[in-house]
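Undergrad: Return a 3D structure for these sequence lines:
(chains A and B)
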Amino acid sequence: MLSDQIQAKIDRELRKYPADQKQSAVMAALRFVQDEKGWIAPEDMADIAAYLGMAQMAVYEVATFYHMYKLKPMGEYTLTVCTNLSCQLGGVNETLLHLKNKLGIGLGEITTDGKFGLREGECMGACVDAPMFTINNKKLCGRLTGEKIDQILAELGSGDKK
Amino acid sequence: MSTPIIFNTLHFDQPWTLENYLKVGGYQALRKILGEKMSPDAIIAEVKASGLRGRGGAGFPTGLKWSFMPRNYQGEKYLVCNSDEGEPGTCKDRDILRYNPHMLIEGMAIAAYTMNVKTGYNYVHGEIFEAYERMEEACEEARKAGYLGKNILGSDFEFDLHNHLGYGAYVCGEETALLESIEGKKGQPRFKPPFPASFGLYGKPTTINNTETFASIPYIINNGGQKFADLGVPNSGGIKLFSISGHVNNPGNFEVPMGTPFKKLLEMAGGVRGGNKLKAVIPGGSSMPVLPGEIMMDLNMDFDSIQKAGSYLGTGAIIVMDETTCMVKALERLSYFYYEESCGQCTPCREGTGWLYRIIHRIEHGEGRPEDLDLLLDLCNNIAGRTICALGDAAAWPVQGFLKHYRKEFEYHIEHKRCLV
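TA: Okay, the predicted model is just below:
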């Protein structure tokens, strides 16, 4: 079941679109579930399909087409690192190395305490702030240095290792 | 450059508020057209006179695009803003959304009045959530102050604007994929024709413009199209935002007149990092063919100058590479991007982008074969122009550009199994 909070948020989104176009809110609905649970399971897609009057398959298509949806748990804080050209030139390889060493995980993995997950992302449209990552698709942190990364991780609680 | 036109609120602590936008003459253009009951034809004439060409990459004349919308269509029509800025190197629209959201709202309201549209959507790139939130707040602020909604500024003009957040798909920057995405589907481009002006969002007539394009409109209405045109050069009217990233000391977005020498922009960005030698420049976002530094140093940043040199102005996103850059590694990453982002609909793109990436990957990793470079070019010729949307071309052009100017570096990689730089 979708929580009351999620239903209220979806209802707010639905007001943006024509009454007979409820499917337009599917991207937002998936995002709300992910924000609440950390990831999206097939059961959530079924709930969204029922709520918006869509075929389950149509929800699944959307969830698998757009990169920012997480279809498995990716840690309490998912760090998505852009590795595209401007970030590559801006030194993202060092950024990634620092993150991997600090967290003790590789791309696509989560720390053993489930606190942090690391993902590779595509161009975030903020290239002048390279290198960068997003935290849970919400906050974009740019112009990263080793020191800045340590500070961000410390603020998120823990940081050093495992 | 004198007073900025789009970045005209940047000197405030909170550049994005309605209060500050009003202080720099915000919403006067909207007030003017409503007060004078300016005719849609007169507005389109001004936009045509301004020489404004689409700022999203294709450079289509904005006034002409607006004139395509059916006038007497009975029923809903839509206006859409493409803020799905994901072309590597490009991040100018993000600064409009973050720092001058009301200028976008005003530009869209004027466009809506001109084309008799009541509903608009602004599709925002998924990764810049903070900019989306800023837009949501700005729209709410505009609604409360009577710049959006029913009876705008006491007139009978009605227009509301909603923001739709993307969630990580480069191809949604293609306008018909973007429409599919707003409809709640996979972002796969539509076959054209029909064009959006006749069959757009929810099958209704729709006009789609880029964020910067809309943001240029209030100035044109306030000052006349000719004045905007005169800021630039022939065939490239007005001012333009350029994003400069890569190997420069001071990466950033810069608002300058069209036709500004690249050399001057490079100076504004603090020059090449560490005093290094300039090697190569991608002048308009990652899809545009790369040009050698020495050619760029003599070029002006406008549509015609860049095209004569064999590339395109695109989105005006300049990626600077210094002498330490391995061109094979750079192209490998770009090719991976197009492979990853192909929507999978057209075979030449779906399969071809994978071929391109895998071949460049093996060259970079010391497993290249002498025949690979011709194979790459052959592949490019079989992708470009053979797909529904321009992502196929966008994947092929960088490969062709890199091989045109840096073929020797690729040959060295294949022969010596290592990098030249």
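Undergrad: so does stretch B:396-414 get close to chain A?
TA: No. Against chain A, stretch B:396-414 shows no contacts by CB under 8 Å from any CB of the partner chain, the least distance being 9.4 Å. To be clear about C-beta, it is placed using only N, CA and C from the backbone, and glycine gets the same treatment.
Undergrad: Show me what that stretch is in contact with.
TA: Contact partners of stretch B:396-414, identified using CB atoms under 8 Å, 6 or more residues apart in numbering or on different chains, comprise B:280, B:282, B:286-292, B:310-311, B:326-328, B:330-331, B:334-335, B:352, B:356, B:360, B:363-364, B:366, B:368-370, B:372-373, B:376-377, B:379-381, B:383-384, B:419-421.
Undergrad: who touches residue B:373 in this structure?
TA: B:403, B:407, B:410, B:411, B:414.
Undergrad: and if we set it to 6 Å?
TA: Residues near residue B:373 by CB atoms under 6 Å, 6 or more residues apart in numbering or on different chains: residue B:410.
Undergrad: Check which residues of the helix or strand it falls within are buried.
TA: Taking DSSP states H and E as the criterion, residue B:373 maps to helix B:372-383. For helix B:372-383, burial by neighbour count (16 or more other CB atoms under 10 Å in any protein chain shown) applies to B:372, B:373, B:376, B:377, B:379, B:380, B:382, B:383.
Undergrad: Please apply the same query to stretch B:305-320.
TA: By 16+ other CB under 10 Å, the buried positions in stretch B:305-320 come out as B:305-306, B:309, B:311-320.
Undergrad: average pLDDT for it?
TA: Here stretch B:305-320 scores 97 as its mean pLDDT.
Undergrad: and the helix or strand containing residue B:350 with helix B:372-383, angle?
TA: Take DSSP H and E as the rule and residue B:350 turns out to sit in helix B:347-364. If you take axes from the mean of the first three to the mean of the last three CA atoms, to 10 degrees, helix B:347-364 sits at 160 degrees to helix B:372-383.
Undergrad: who touches helix B:347-364?
TA: So helix B:347-364 is contacted by B:328-329, B:331-332, B:335-336, B:338-339, B:342, B:344, B:368, B:372, B:376, B:379, B:382-383, B:386-387, B:391-392, B:395, B:399, B:413-414 (CB under 6 Å, 6+ apart).
Undergrad: Check those for burial and list the buried ones.
TA: For the contacts of helix B:347-364, buried by 16+ other CB under 10 Å: B:328-329, B:331-332, B:335-336, B:338-339, B:342, B:368, B:372, B:376, B:379, B:382-383, B:387, B:391-392, B:395, B:399, B:413-414.
Undergrad: quick one: which of the residues you listed sit in helices?
TA: Mapping the buried ones among the contacts of helix B:347-364 onto helices (DSSP state H) picks out B:328-329, B:331-332, B:335-336, B:338-339, B:372, B:376, B:379, B:382-383, B:391-392, B:395, B:399, B:413-414.
Undergrad: Now do the helices in chain A.
TA: Using DSSP H, helices in chain A cover A:4-14, A:26-37, A:42-52, A:56-65, A:85-89, A:92-103, A:146-155.
Undergrad: Residue B:262 is nearest to which of the ones you listed?
TA: With CB to CB as the criterion, residue B:262 lies closest to helix A:85-89 of those, at 17.2 Å.
Undergrad: what bits of the chain have low per-residue confidence?
TA: With no chain named, the answer covers chain A. By pLDDT under 70, the low-scoring segments of chain A are A:158-162.
Undergrad: should've been chain B
TA: Checking chain B against pLDDT under 70 turns up B:1-2.
Undergrad: Tell me which residue lies nearest the centroid of it.
TA: Compute the mean C-alpha point of chain B, and by CA atoms, centre = their mean the closest residue is residue B:56, 2.7 Å away.
Undergrad: Please confirm that that residue is located within a helix.
TA: No. With DSSP: H, G, I helix; E, B strand; the rest coil as the criterion, residue B:56 is coil rather than part of a helix.
Undergrad: surely it meets residue B:209?
TA: No. Taking CB atoms under 6 Å as the definition, residue B:56 is not a contact partner of residue B:209, at 7.5 Å.
Undergrad: So which residues on chain B come close to chain A?
TA: Neighbours of chain A within chain B, by CB under 6 Å from any CB of the partner chain: B:85-86, B:88-89, B:91, B:94, B:125-129, B:162, B:167-169, B:182-184, B:186, B:243, B:245-247, B:251-252, B:286, B:319, B:333-334, B:337.
Undergrad: mind listing which of the residues you listed are in strands?
TA: B:162, B:243, B:245, B:246, B:252, B:319 (DSSP state E).
Undergrad: Excluding sequence neighbours, find me the nearest residue to residue 28.
TA: All of this refers to chain A. Counting by CB to CB, 6 or more residues apart in numbering or on different chains, residue A:13 is the residue found nearest to residue A:28 once chain neighbours are left out, at 4.3 Å.
Undergrad: The chain in question should be chain B.
TA: Spatially, and ignoring its direct neighbours in sequence, residue B:28 is nearest to residue B:222 (6.0 Å; CB to CB, 6+ apart).
Undergrad: repeat for residue B:52
TA: residue B:62 (4.5 Å).
Undergrad: do residue B:135 as well
TA: The nearest residue in space to residue B:135 (CB to CB, 6+ apart) is residue B:163, at 4.8 Å.
Undergrad: Next, work out how far apart that neighbour and residue B:15 are.
TA: To residue B:15, residue B:163 is 19 Å away according to CB to CB, to the nearest Å.
Undergrad: Those two: who's more crowded?
TA: The neighbour count for residue B:163 versus residue B:15, taken as other CB atoms under 10 Å in any protein chain shown, is higher for residue B:163 (23 against 19).
Undergrad: Specify the beta-bridge partners of that one.
TA: Taking DSSP bridges, one obtains residue B:122 as the residues bridged to residue B:163.
Undergrad: got the contact list for it?
TA: B:122, B:124, B:132, B:135, B:136.
Undergrad: CA-only coordinates of the helix or strand harbouring the fourth one in CSV, if you can.
TA: Here residue B:135 sits within helix B:129-144, counting by DSSP H and E. Backbone C-alpha positions of helix B:129-144 (Å, rounded to 0.1, in the frame of the first residue of the first chain) are rendered in CSV as follows:
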residue,chain,number,x,y,z
PHE,B,129,16.5,18.8,-8.1
GLU,B,130,17.4,22.0,-6.2
ALA,B,131,16.7,24.0,-9.4
TYR,B,132,13.3,22.1,-9.8
GLU,B,133,12.4,23.1,-6.3
ARG,B,134,13.4,26.7,-6.9
MET,B,135,11.1,26.7,-10.0
GLU,B,136,8.2,25.2,-8.0
GLU,B,137,8.6,28.0,-5.5
ALA,B,138,8.9,30.7,-8.1
CYS,B,139,5.7,29.5,-9.9
GLU,B,140,3.8,29.6,-6.6
GLU,B,141,5.2,33.1,-6.0
ALA,B,142,4.1,34.2,-9.4
ARG,B,143,0.6,32.7,-9.0
LYS,B,144,0.1,34.5,-5.7
